[in-house]
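Novice: Have a look at this fold, sequence not included:
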């Protein structure tokens, strides 16, 4: 009886499910056919070599041709200029790294060579003293001391001559200046690219500046090294000669003044006079003094070492023969320490660089004032601010300096103030 009830329940439930499925039956979605366009297989023959034909799709050829047409078309001139400036920017960044690395290397040269020369000289001097103290003994010990001290003094003389010739401290200062100036050029090119108004003149000018810096601060030593002992002091020049070519003076002035006025032009001319009469002359005087000091020390160091080398070979032939290597060796160590430890060559190069800074500033102001078309000049207020900042002054202090210079010239007295408060 229970089984019959279960069977009836199952049959009734299955019939109800069938009815439910029939009531919620949904129609199947319609089939949609998608058609994919076929890529044309037409190919363009390029060339035939050794009986084989090389082909490329004509679509790729068309794309490549379009890229070159877009790149070199007159409408994309600014894009070409930007690409060229980026290429110059990469070279400038590479030069910055090169000069920085070589500058560190040459600074290490100065330290290591100075320590080596002084240690060799002092060791040879001590050997000469020991040999003089054993003059009563004859034979191998005395000969060994004399020979050793003579060889050491000779080695110190040769190393001192090399150091005096190449001036490692001056070489290191040259590379430091080159690194700083290349960084300035790198920033200048980045600014021109960011402004988006670069021209082919900017490209040409940037290339000339890079090459001028290469000439002013050469990397190799043999054949290209700057003269370390010139006949007279001359400021360093690291800008192209064409940067400040005299412009035509027949152009008429525009109606807009672009921030310029007669008073501003007179102010800048007075600043030029102060720079020429005070700053440039002072650095020329200091540069000539350091040049003479450096020449004297460069001659004295090897000369004293050479005298000590000769004198050490005569130790034992009298009291005077024992004193010569001792005195000469001690003085040679002191001279080398003062010349290379005090980095006299570096100081001379610093004065050359400062003189070049004032020469560049003077030529920049002159070149700007010689441009009669004020619209082609840099904005007068901006230019005045730049000059004031380069001299370590405010704009009001720069104007006060110009008025003081004018009054001193009227009274025919020398101005007692330098233009630069920075260097």
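Specialist: Cool, the structure landed. Given the structure is predicted, the values throughout are model-derived calculations rather than measurements.
Novice: how close does residue 339 get to residue 333?
Specialist: Separation of residue 339 from residue 333 (Cβ to Cβ, to the nearest Å): 11 Å. Yep, even glycine has a C-beta here, placed from its N, CA and C like the rest.
Novice: and if you look at residue 278?
Specialist: Relative to residue 333, residue 278 is positioned 40 Å away (Cβ to Cβ).
Novice: Settle it for me: which of those two has more neighbours?
Specialist: More crowded of residue 278 and residue 333, by other Cβ atoms under 10 Å: residue 333, with 23 against 19.
Novice: Tell me the buried residues in the helix or strand containing residue 265?
Specialist: Per DSSP states H and E: residue 265 is located in helix 262-274. For helix 262-274, a neighbour-count test (16 or more other Cβ atoms under 10 Å) marks 264, 267, 268, 270, 271, 272, 273, 274 as buried.
Novice: do stretch 320-327 as well
Specialist: For stretch 320-327, burial by neighbour count (16+ other Cβ under 10 Å) applies to 321, 322, 324, 325, 326.
Novice: And for stretch 169-184?
Specialist: Applying a neighbour-count criterion of 16+ other Cβ under 10 Å, one finds 169-179, 181-183 buried in stretch 169-184.
Novice: Please apply the same query to stretch 221-231.
Specialist: Those would be 225, 226, 228, for stretch 221-231 by 16+ other Cβ under 10 Å.
Novice: Enumerate every residue touching the last one.
Specialist: Residues touching residue 228, when contacts are defined by Cβ atoms under 8 Å, 6 or more residues apart in numbering, comprise 165, 166, 167, 170, 294, 345.
Novice: Residue 166 versus residue 326, what's the distance?
Specialist: Residue 326 sits 29 Å away from residue 166, going by Cβ to Cβ.
Novice: Quickly find the element holding residue 363.
Specialist: Using DSSP H and E, residue 363 falls within helix 344-370.
Novice: Going by residue numbers, what spans are strands in the chain?
Specialist: Per DSSP state E, the chain carries strands over the ranges 43-49, 52-57.
Novice: quick one, what contacts the residue nearest the centre of the chain?
Specialist: Note on the chain: the residue nearest the mean C-alpha position is residue 179, at 2.3 Å, using Cα atoms, centre = their mean. By Cβ under 8 Å, 6+ apart, the contact set of residue 179 is 96, 99, 100, 103.
Novice: Quick one: which of these is the most crowded by neighbours?
Specialist: For these, neighbours tallied by other Cβ under 10 Å; top is residue 99, 23 neighbours.
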